[in-house]
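In: sequence and predicted structure below; questions after.
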Amino acid sequence: MSLPAPESREIIEALLRQRTRVAFRAHGPSMNPTIRDGETVFVRPADANAFHIGSVVLYRTADRLALHRIVFNDKQTKRLFLVGDASIAGGEWIPTADVIGLAEGLRRNDAVRRLDAFGHRLVGRLRFALRPLRRALWNYRQTHHAQTPARWDS
């Protein structure tokens, strides 16, 4: 998930540096089904003690901001391994200094859902643990779909 414009990124970063909570509309499919494209996400300033496995964080990457889930926290090297919930492979290591916020919740269908609760983090960890199975199912579907002959009924 990313933000649409560089101006938005600068404003969000400035507010979080001032320890102000922010809300913005997330864009992209990388965090489906947890955060859907276009949903409003609520983020609080990052606290180094709040980097729990399963938390969703806002961080700097290249020239944009992104929201992904923490799946490993290497406290010795002060790095986090982050993955989008929709991902079936890959991820990226980032320094903890690049994390600028922690996702607290989101607005879906006029209701606010928590993202920072223990239960949500547990579901995120489970989703990551099941990634090999999700990847195998995806590969099976791709192979099966490629072998299915096209049928046209006239």
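Out: Great, that's in hand. Predicted model, so just to flag it, every value in this text is computed and none were measured. Residues are numbered from 1 along each chain as shown.
In: which ones are touching the residue positioned nearest the centre of the chain?
Out: The centroid of the chain falls nearest to His68 when counting by Cα atoms, centre = their mean (2.5 Å). Contacts of His68 were listed using Cβ atoms under 8 Å, 6 or more residues apart in numbering, and they are Met1, Ser30, Met31, Val56, Val57, Tyr59, Leu82, Val83, Gly84, Gly91, Glu92. (C-beta placed from N, C-alpha, C; glycine too.)
In: quick one, strands of this protein?
Out: In the chain, the strands defined using DSSP state E lie at 22-25, 40-45, 56-61, 64-74, 79-83, 92-95, 99-108, 111-114.
In: in this protein, spot the helix with the most residues.
Out: helix 131-147 (DSSP state H).
In: which of the residues in that one are buried?
Out: By 16 or more other Cβ atoms under 10 Å, the buried positions in helix 131-147 come out as Arg131.
In: for that helix, which outside residues touch it?
Out: Residues outside helix 131-147 that contact it (Cβ under 8 Å, 6+ apart) are Val83, Ser87, Ile88, Ala89.
In: neighbours around the last one, how many?
Out: Which is Ala89. Neighbourhood size, Ala89 [other Cβ atoms under 10 Å]: 10.
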